[in-house]
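Novice: just need the structure, nothing else, for what follows:
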Amino acid sequence: MTGKPFGELVRENRRRLNKSLQEVADALGVTAVYVSEVERRKRPPFTMERLPALSRVLGLDLKTLITTAWMEKKMIELDPASASDKQLEALVALARGGFSDKELDEILKIATRNQQELFE
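Specialist: Model (predicted):
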């Protein structure tokens, strides 16, 4: 994670690539005003559905964007309608805690195997 606010991360990388607000907005399917408001922290970070496109347009690591957005929102987004019963059960178990670092490492190894495929 960068330690920077989500909007600052977006603005800094957009400017580094000399992309306009409109170019980023077009890639995300939102308005340039909306992108500007996210950059200035007038609106919360983009939703999960928009982060893969943001990752592509700005060349940023998707995991970094997701983590930064979640940390700023102080919540993890999940649409229960798109999750299986097993996925919900696993998330509840993770939320309850009690896993050793070794167990968490194994869970992370499994979870990251196909992570990129989920967002492509």
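Novice: so the closest residue in space to T31 that isn't next to it in sequence: helix, strand or coil?
Specialist: Distance criterion C-beta to C-beta, 6 or more residues apart in numbering; nearest residue to T31, sequence neighbours excluded, is A25 at 5.6 Å. Where C-beta positions appear, they are placed from N, C-alpha and C, glycine not excepted. What DSSP: H, G, I helix; E, B strand; the rest coil gives for A25 is helix.
Novice: ok now do A25, which residues does it touch?
Specialist: For A25, the contacting residues are T31, A32, Y34, V35, by C-beta atoms under 8 Å, 6 or more residues apart in numbering.
Novice: helices along the protein, start to end?
Specialist: 6-16, 21-28, 32-39, 51-58, 62-73, 85-96, 101-113, 115-118 (DSSP state H).
Novice: which parts of the second one are buried?
Specialist: The one in question is helix 21-28. L21, E23, V24, A25, A27, L28 (16 or more other C-beta atoms under 10 Å).
Novice: adding pLDDT, write the residues you listed out as CSV.
Specialist: Shown next, in CSV, are the buried residues of helix 21-28 (pLDDT from 0 to 100):
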residue, pLDDT
L21, 97
E23, 97
V24, 98
A25, 98
A27, 97
L28, 97
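Novice: tell me who's in contact with L91.
Specialist: L78, A83.
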